[in-house]
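Trainee: Model the structure of this input:
(chains A, B, C and D)
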There are 2 protein chains.
Amino acid sequence: MTHSEENYLKTIFHLGRNGKGPVSTNAIAEQMETKPSSVTDMVKKLSDKGLVNYKKYQGVSLTPVGTKTALSIIRKHRLWEVFLVKKLHFTWDEVHEVAEQLEHIKSEKLIDQLDELLEFPKFDPHGDPIPTKNGEFTEPKKQLLSQLPISTQGVCVGVKDSSATFLKFLDRNKIALGNLIEIMDKEEFDDSLHIKVDGEKMHISHQIASNLYVKPNEL
Amino acid sequence: MTHSEENYLKTIFHLGRNGKGPVSTNAIAEQMETKPSSVTDMVKKLSDKGLVNYKKYQGVSLTPVGTKTALSIIRKHRLWEVFLVKKLHFTWDEVHEVAEQLEHIKSEKLIDQLDELLEFPKFDPHGDPIPTKNGEFTEPKKQLLSQLPISTQGVCVGVKDSSATFLKFLDRNKIALGNLIEIMDKEEFDDSLHIKVDGEKMHISHQIASNLYVKPNEL
DNA sequence: ACAAATTTTTAGCTTTGTCTAAAATTAATT
DNA sequence: AATTAATTTTAGACAAAGCTAAAAATTTGT
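Mentor: Numbering: from 1, shown residues only, chains lettered A, B, ... in the order given. Predicted coordinates:
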């Protein structure tokens, strides 16, 4: 299994999650910043290997084996992200590029031991779930901050937009995974929020609030 | 810089350490388990990039830039080996294969932070020195156990032969880096040694003793 | 429904790293 | 010193992964 094949499987998995049904050649090409003709070539190869279902002009979907493989890559990616943040003090916006490389390292023991070192985390630094060895993962009961009512308290568990600019904004404003966030007030004019982050008061736009996931505290 | 180019530089560096003078095409091919013709091709490319000095039929040597690059790869390799042993509980014989992959990950910050996490180790699990960021490294004052006189005490700091079979032997017999080794007696017949490893008595052949590096305790 | 627009595939070419087989060069031996 | 022997290089080919440009299939619009 080459790096390139693994990247295709991962992309097909992610695209398949969102828009249901088979994934289009064009969508894969756009996501991977390559050309549709290249996608066709690779998809044929993956089909020959039994990793995807593919019929000309009809799009692609993962087979059970392909899904399992994709999940194992995603597991590696997310575990490495946790490692980078928790052990090497990377910030949110720095982890992705390096994890893209680390996810291709081949060693079962490496990942098992890394999992243990990190104390079997269930979520990565963006709040996304980490699949188990068997490919199972639990969707977190997370909600967008913008969807919650005033005076709700919750723990910051992830982001929707994981662009570098957004993650840098969060770093600069000391908003991090695990912070306790409380909604103090909401401006009707622009839906901006007055919140407390670990006790510190701040004022954030609706745009920010609609990209921050929070796990509301059960009261 | 591709993985393959990096592997060539590393190999040329190692071969250049031992037999002085330029390194032969054949030697590189044998070490890398590839064909001499492939080596010629790659060496031309590295020469075009200014990483090696190369004249047809005259062998190869690293330029200053090539040396610096090789040392940075070796630094990464050895730091990852320390990580695997100290943090992920790999045994001596398991680290090499995985470190061969990890050494190619591109991220300056990753290596700097890893270095810090490991508390700036000077030697890898085989007792080999880890180059600094600037490419300097200190040769340890290590000696082969077989070369020391009776009743010497020293700390086990490395191995000469790092084959899987030898490393497994050491694991099975509970000989590890950092163990205190004391030479109790020597059999004249076969030069085998009676030693204590952290207090445990054992009897080892000359062959074993001549592949174990020890840093003798100053008395 | 049928032409136009879009999407997808094919065909042929490029690059990287490798290989085999043959030619060229250097080293060894008598 | 001349002829073997060994080493090294060239030439030509191949597989992987990608690209461009053109052909084929599908979808859309009226």
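
Trainee: So which bits of chain A are right by DNA strand C?
Mentor: Proximity of chain A to DNA strand C, by C-beta under 7 Å from any atom of the strand, involves residues A:24-27, A:36-37, A:39-41, A:43-44, A:54, A:56-59. For glycine as for every other residue, the C-beta is placed from the backbone atoms N, C-alpha and C.

Trainee: mind running it again at 10 Å?
Mentor: A:22-30, A:35-41, A:43-44, A:47, A:54-60 (C-beta under 10 Å from any atom of the strand).

Trainee: In helices, which of these appear?
Mentor: A:25-30, A:36-41, A:43-44, A:47 (DSSP state H).

Trainee: quick revisit: now the buried members of the residues of chain A next to DNA strand C.
Mentor: The neighbour count (16 or more other C-beta atoms under 10 Å in any protein chain shown) marks A:22-25, A:27-29, A:39, A:43, A:47, A:54, A:59-60 as buried among those.

Trainee: and A:D112, what helix or strand is that in?
Mentor: helix A:108-117 (DSSP states H and E).

Trainee: now that helix, how far from the chain's geometric center?
Mentor: 20 Å (C-alpha atoms, centre = their mean, to the nearest Å).

Trainee: Distance check, the residue lying farthest from the centre of chain A against A:I204.
Mentor: Relative to the centre of chain A, the most outlying C-alpha is that of A:F189, 31.9 Å out, by C-alpha atoms, centre = their mean. Distance from A:F189 to A:I204, counting by C-beta to C-beta, to the nearest Å: 14 Å.

Trainee: which residues does the most centrally placed residue in chain A contact?
Mentor: Closest to where the C-alpha atoms of chain A average out (C-alpha atoms, centre = their mean) is A:D128, at 4.7 Å. A:D128 makes contacts with A:78, A:158, as judged by C-beta atoms under 8 Å, 6 or more residues apart in numbering or on different chains.

Trainee: Now the element after the longest helix along chain A, going C-ward?
Mentor: Under DSSP H, the helix in chain A containing the largest number of residues is helix A:64-86. Note on helix A:64-86: by DSSP H and E, the next helix or strand toward the C-terminus is helix A:92-102.

Trainee: Contacts made by that next one with the rest, please.
Mentor: A:76-78, A:80-81, A:84-85, A:90, A:125-126, A:159, A:162, A:164, A:167-168, A:170-171, A:176-177, B:102, B:105-107, B:109-110.

Trainee: Flag the shaky bits of chain A, pLDDT-wise.
Mentor: Scanning chain A for pLDDT under 70 picks out the ranges A:127, A:140, A:218-219.

Trainee: can I see the domain layout of chain A?
Mentor: Chain A breaks down into these domains under automatic domain parsing: A:3-62, A:143-216.

Trainee: Now distance to DNA strand D too, for those, in a markdown table please.
Mentor: Shown next, in a markdown table, are the domains of chain A (distance: least, C-beta to the nearest atom of the strand, whole Å):
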| stretch | distance to DNA strand D |
| --- | --- |
| domain A:3-62 | 3 |
| domain A:143-216 | 22 |
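
Trainee: Minimum distance to A:T69: which of the ones you listed has it?
Mentor: Ranking those by proximity to A:T69 (C-beta to C-beta) places domain A:3-62 first, at 5.5 Å.

Trainee: need the contact list for A:S4.
Mentor: A:S4 neighbours (C-beta under 8 Å, 6+ apart): A:M42.

Trainee: now do 10 Å
Mentor: By C-beta atoms under 10 Å, 6 or more residues apart in numbering or on different chains, A:S4 lies in contact with A:32, A:34, A:38, A:42, A:45, A:104.

Trainee: before we move on, what about A:V82?
Mentor: A:95, A:99, A:114-115, A:117-119, A:121-125, A:130, A:177.

Trainee: For stretch A:47-67, measure first residue to last.
Mentor: Terminal residues of stretch A:47-67 are spaced 13 Å apart (C-alpha to C-alpha, to the nearest Å).

Trainee: List the contacts of it.
Mentor: A:1, A:5, A:8-9, A:12-13, A:15-16, A:20-28, A:39-40, A:42-46, A:68-71, A:135.

Trainee: can you count the residues close to the residue lying closest to A:D93 once chain neighbours are set aside?
Mentor: Once flanking residues are discounted, A:D93 sits nearest to A:L167: 3.5 Å by C-beta to C-beta, 6 or more residues apart in numbering or on different chains. Residues within reach of A:L167, counting by other C-beta atoms under 10 Å in any protein chain shown, total 21.

Trainee: Which of the three states applies to A:L167?
Mentor: helix (DSSP: H, G, I helix; E, B strand; the rest coil).

Trainee: wait, doesn't it sit right on A:V85?
Mentor: No: counting by C-beta atoms under 10 Å, A:L167 does not reach A:V85; the two are 11.1 Å apart.

Trainee: Any buried residues in stretch A:60-80, and which?
Mentor: Per 16+ other C-beta under 10 Å, stretch A:60-80 contains these buried residues: A:60-63, A:66-67, A:69-80.

Trainee: wait, what's in contact with the nearest residue in space to A:S210 that is not next to it in sequence?
Mentor: Nearest non-adjacent residue to A:S210, counting by C-beta to C-beta, 6+ apart: A:S146, 3.9 Å away. For A:S146, the contacting residues are A:160, A:183, A:186, A:191-193, A:204-212, A:214, by C-beta under 10 Å, 6+ apart.
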